[in-house]
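[1] Sequence first, predicted coordinates after that:
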Amino acid sequence: MRDAIALIAGAGTTSGPIPIALRYGGVEPHPTLTTDEAEEEVGKLGEARCVLVLDAGCLDFPAGQSSWRAFLSRHPALPAVIVACENEGQALSAAREPHRMLLVDPFDAAAVVAAVRRASSRPLSSAPVRSVAPALSEAG
């Protein structure tokens, strides 16, 4: 996963262990506060180099010109990892594509890095997305 860029958006994902783990795992973290910033990054870097890491609680709230769910709809080829602490059903609908992963709490930063790698390396015709079981999310 060379030269991958993780666009990190949502509460609790722009600082702390996740960006540190991504950098250590060879993924460049780019904190992204709004969909407008994400549009600019995807426009500059291309969908093939980017993976959106998003807090599921932010899916339907305005974050710039649109919601994150609308942003994902406009970029169907963009890989994404949606991290959910609660309301898993709402997040599952945004993670239907094979290159979009749902990671359900409890998880650690290493699980986020592994999910980013899997999401960005899956061909669009691969098997359907599956939620990561909590017991497996601890495996790095």
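    The structure has been received and is ready for your questions.

[2] Just list what the helix ranked longest in the chain packs against, helices and strands only.
    Across the chain, the longest stretch assigned as helix under DSSP state H is helix 109-121. Where contact means 3 or more C-beta pairs under 8 Å, 6 or more residues apart in numbering; DSSP states H and E, helix 109-121 is packed against strand 4-9, helix 17-24, strand 27-31, strand 50-55, strand 80-84, strand 100-104. In this view, the C-beta of every residue, glycine as well, is placed from N, C-alpha and C.

[3] rerun that using 6 Å as the cut-off
    Counting contacts by 3 or more C-beta pairs under 6 Å, 6 or more residues apart in numbering; DSSP states H and E, helix 109-121 is packed against helix 17-24, strand 50-55, strand 80-84, strand 100-104.

[4] Let's see that helix as CSV, backbone CA atoms only.
    Output of helix 109-121 as CSV, limited to C-alpha atoms (Å, rounded to 0.1, in the frame of the first residue of the first chain):
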residue,chain,number,x,y,z
ALA,A,109,-5.4,1.6,16.3
ALA,A,110,-3.7,-1.4,14.7
ALA,A,111,-7.2,-2.7,13.7
VAL,A,112,-7.8,0.6,11.9
VAL,A,113,-4.5,0.3,10.0
ALA,A,114,-5.4,-3.3,9.0
ALA,A,115,-8.9,-2.2,7.8
VAL,A,116,-7.4,0.7,5.8
ARG,A,117,-5.0,-1.7,4.1
ARG,A,118,-7.8,-4.1,3.3
ALA,A,119,-10.2,-1.4,2.1
SER,A,120,-7.6,0.1,-0.2
SER,A,121,-6.4,-3.2,-1.7
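
[5] How far does it sit from its chain's centre?
    On the basis of C-alpha atoms, centre = their mean, to the nearest Å, helix 109-121 sits 9 Å off its chain's mean C-alpha point.

[6] Check which residues of it are buried.
    Using 16 or more other C-beta atoms under 10 Å as the test for burial, helix 109-121 gives Ala109, Ala110, Ala111, Val112, Val113, Ala114, Ala115, Val116, Arg117, Arg118, Ala119, Ser120.

[7] And stretch 56-66, by the same measure?
    For stretch 56-66, by 16+ other C-beta under 10 Å, it's Ala56, Gly57, Cys58, Leu59, Ala63, Ser66.
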